[in-house]
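when you get a sec, could you give me coordinates for this:
(one chain, ligands or ions: 2)
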Amino acid sequence: MTGRGSSDSGAAEHTILSSSVLREVKVEDAIGTVLAHDLTQILPGSFKGRLFRKGHRVEAEDIPKLKDIGKEHLYVIELAESDLHEDDAALRMAAALSGTGTAFGEPHEGKVSVKSDRTGLACIAKEFVDGVNGLGEIALATVTNHRVVHAGEALAATRAIPLIVPESKVRKVEKLAAEYKQRHGEAPVSVRPLRKARAGLLTTGSEVYAGRIADKFGPAVRAKLEALGSEVAEQRFAPDDRQIIVKDIHYFLQQGYDMILVTGGMSVDPDDRTPGAIAEAGTDIVSYGTPMLPGSMLLFGYLRGIPIFGLPGCVMHDPYTSFDVLLPRVLAGDRIGKEDIVAMGYGGLHRC
Ligand SMILES: Nc1nc2c(c(=O)[nH]1)N[C@H]1C(S)=C(S)[C@@H](COP(=O)(O)OP(=O)(O)OC[C@H]3O[C@@H](n4cnc5c(N)ncnc54)[C@H](O)[C@@H]3O)O[C@H]1N2
Ligand code: MOO
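Ligands and ions are numbered 1, 2, ... in the order given. Coordinates of the predicted model:
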């Protein structure tokens, strides 16, 4: 791109003429005027929030409070038809991008928060978020795609940067959102529900089977499933014996469970029989090995269409592993492919 070309197009973005009028009034002379935006007070360590609400009519007793938060002047706005107030811009953007499983409230200090109304998988279209933020003068901040969220948790926040923005900017956001919806059948920010799965859990390891040590995998896996609304329907124990593990996997398949989880024996020792047994059971293995730490020795595949996991040792003690990334996606109905596993490496180093 030439310098001239880029500066021309940059200028076009930024010289949209506005006939809105922002008039500054000294706070002492502002009695009777109506506040043009929320006014924020910050008392570090004890308070951050709205001291005065947009629309508040300034009274004499407000003057010292306004001075205490550093206001010498206030704006009086005469808004042109082609412009939007920050609150209305933020509201319209939130409305445009919010889809299934979301809710948003009124603006606070020029910001509208979009929240989840359920436990589910946050679906955030990165290309849409980047497209919006590339427009300038408006901001859209979101959580990352495929994060588990609970009811009331924030997914996205919209805000205009100046107090007044051209309505055309917001219309561009609405257009991007409508195009996304048309292509994908869902808005760019949504939450997918998680189904309630009943899992069969097979805990391998001769030391556990023989009672030399107490099982720690069962309670950990149960807790992870229950936190997402699913359950371990049955747990069985097997020694490090490939044929016994294969038999138990087939038993779970016959029981009609929604998911099969096999723990232990996932690594490089001669006694680690689990990956071989899962393969021998007839599994289409999507991946043995996951580029995320903790959880690099995880195996994932499908056995006659049923998701099957081989869970390595870290799942017992670590709250966030590759299992915690893939389990909610499976529960949301995603068919996990090799490309999903490959994509886990970037940003996948957590703790090891
Ligand atoms: N040289 C290498 N060493 C290790 C590798 C590697 O690639 N090369 N991988 C590491 C990773 S990552 C993991 S995770 C662990 C082991 O994973 P495994 O799934 O094979 O775990 P086990 O060998 O079966 O057991 C490890 C440890 O945990 C105890 N255990 C197992 N099951 C239970 C249970 N149900 N309840 C309580 N405790 C259990 C087991 O007794 C062992 O002490 O390997 C790394 N090493
Ligand atoms: O499968 Mo291991 O614990 O990477 O963490």
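
low-confidence ranges, this protein, go.
Residues of the chain meeting the criterion pLDDT under 70: 1-18, 352.

and it, what are its domain boundaries?
12-78, 83-193, 198-345 (automatic domain parsing).

tell me which of those lies nearest to ligand 2.
Closest approach to ligand 2 among these is made by domain 198-345 (2.8 Å; Cβ to the nearest ligand atom). Where you see a C-beta, it was placed from the backbone N, CA and C, and this is true even at glycine.

right, quick check: the closest one against ligand 1, any contact?
Yes: applying Cβ under 6 Å from any ligand atom, one finds that domain 198-345 is in contact with ligand 1 at 203, 205, 207-208, 213, 215-217, 263-269, 272, 296-297, 312-314.

follow-up on the earlier one: mind putting the domains of the chain into TSV with mean neighbour count and distance to Arg351?
Formatted as TSV, these follow (neighbours: other Cβ atoms under 10 Å; distance: least, Cβ to Cβ, whole Å):
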stretch	mean neighbour count	distance to Arg351
domain 12-78	13	30
domain 83-193	19	17
domain 198-345	19	6
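
how about the ones you listed in a markdown table, adding distance to ligand 2?
What follows is the domains of the chain, written out as a markdown table (distance: least, Cβ to the nearest ligand atom, whole Å):
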| stretch | distance to ligand 2 |
| --- | --- |
| domain 12-78 | 39 |
| domain 83-193 | 20 |
| domain 198-345 | 3 |
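
and Glu106, how far from Leu91?
Using Cβ to Cβ, to the nearest Å, we find Glu106 at a distance of 8 Å from Leu91.

residues shared between the contacts of these two?
Taking Cβ atoms under 8 Å, 6 or more residues apart in numbering as the criterion, Glu106 and Leu91 both touch Val112.

can you map out the strands along the stretch 1-150 of the chain?
Assigned by DSSP state E, counting those that start in this stretch, the stretch 1-150 of the chain shows strands spanning 21-26, 39-43, 47-52, 73-78, 83-85, 102-104, 111-116, 120-124, 138-142, 148-149.

show me what the fifth one is packed against.
Think strand 83-85. Strand 83-85 makes packing contacts with strand 164-166, helix 167-184 when contacts are defined by 3 or more Cβ pairs under 8 Å, 6 or more residues apart in numbering; DSSP states H and E.

of the ones you listed, which is nearest ligand 1?
The stretch from the helices and strands packed on strand 83-85 with the least distance to ligand 1 (Cβ to the nearest ligand atom) is helix 167-184; that distance is 36.1 Å.

residues in contact with Ile138?
Ala89, Met93, Val132, Thr158, Arg159, Ala160, Ile161, Val165, Lys169, Val170, Val173.

same thing with Phe309?
By Cβ under 8 Å, 6+ apart, the contact set of Phe309 is Met259, Ile260, Leu261, Val262, Leu298, Leu299, Phe300, Phe323, Leu326, Leu327.

what does Tyr209 give?
Counted by Cβ under 8 Å, 6+ apart, Tyr209 has contacts Phe237, Ala238, Pro239.

mind putting those in JSON lines, secondary structure included?
Formatted as JSON lines, the entries for these read as follows, by DSSP: H, G, I helix; E, B strand; the rest coil:
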{"residue": "Phe237", "secondary structure": "strand"}
{"residue": "Ala238", "secondary structure": "strand"}
{"residue": "Pro239", "secondary structure": "coil"}
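
any idea which of these is closest to Val221?
Val221 lies nearest to Phe237 out of the contacts of Tyr209, by Cβ to Cβ, at 13.1 Å.

ok so, going back, can I get the helices and strands packed on strand 83-85 in TSV with distance to ligand 1?
What follows is the helices and strands packed on strand 83-85, written out as TSV (distance: least, Cβ to the nearest ligand atom, whole Å):
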stretch	distance to ligand 1
strand 164-166	50
helix 167-184	36
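
can you say which of those is nearest to Val112?
Each of those has some distance to Val112 by Cβ to Cβ; the shortest is helix 167-184, at 12.1 Å.

residues touching that closest one, excluding its own?
Residues outside helix 167-184 that contact it (Cβ under 8 Å, 6+ apart): 16, 82-84, 89, 92-93, 96-97, 99, 125, 128, 131-132, 135-138, 140, 187-188.

same question, stretch 338-347
Judged by Cβ under 8 Å, 6+ apart, the contacts made with stretch 338-347 from elsewhere in the structure are Val286, Ser287, Thr290, Pro291, Met292, Phe300, Ser322, Val325, Leu326, Arg329, Asp334.

out of those residues, which are inside strands?
Counting by DSSP state E, the members of the contacts of stretch 338-347 that fall within strands are Val286, Ser287, Phe300.

and the closest residue to Glu24 other than its chain neighbours, what does it touch?
With sequence-adjacent residues excluded and distances taken as Cβ to Cβ, 6 or more residues apart in numbering, Glu24 is closest to His73, at 4.5 Å. Contacts for His73 (Cβ under 8 Å, 6+ apart) come out as Glu24, Val25, Lys26, Val27.

re the thing from before, how about the helices and strands packed on strand 83-85 in TSV, adding distance to Glu339?
Shown next, in TSV, are these (distance: least, Cβ to Cβ, whole Å):
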stretch	distance to Glu339
strand 164-166	38
helix 167-184	18
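
can you put the contacts of Ile138 in a markdown table and add distance to Arg198?
Formatted as a markdown table, the entries for the contacts of Ile138 read as follows, by distance: Cβ to Cβ, whole Å:
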| residue | distance to Arg198 |
| --- | --- |
| Ala89 | 47 |
| Met93 | 41 |
| Val132 | 40 |
| Thr158 | 39 |
| Arg159 | 43 |
| Ala160 | 48 |
| Ile161 | 49 |
| Val165 | 51 |
| Lys169 | 49 |
| Val170 | 46 |
| Val173 | 42 |
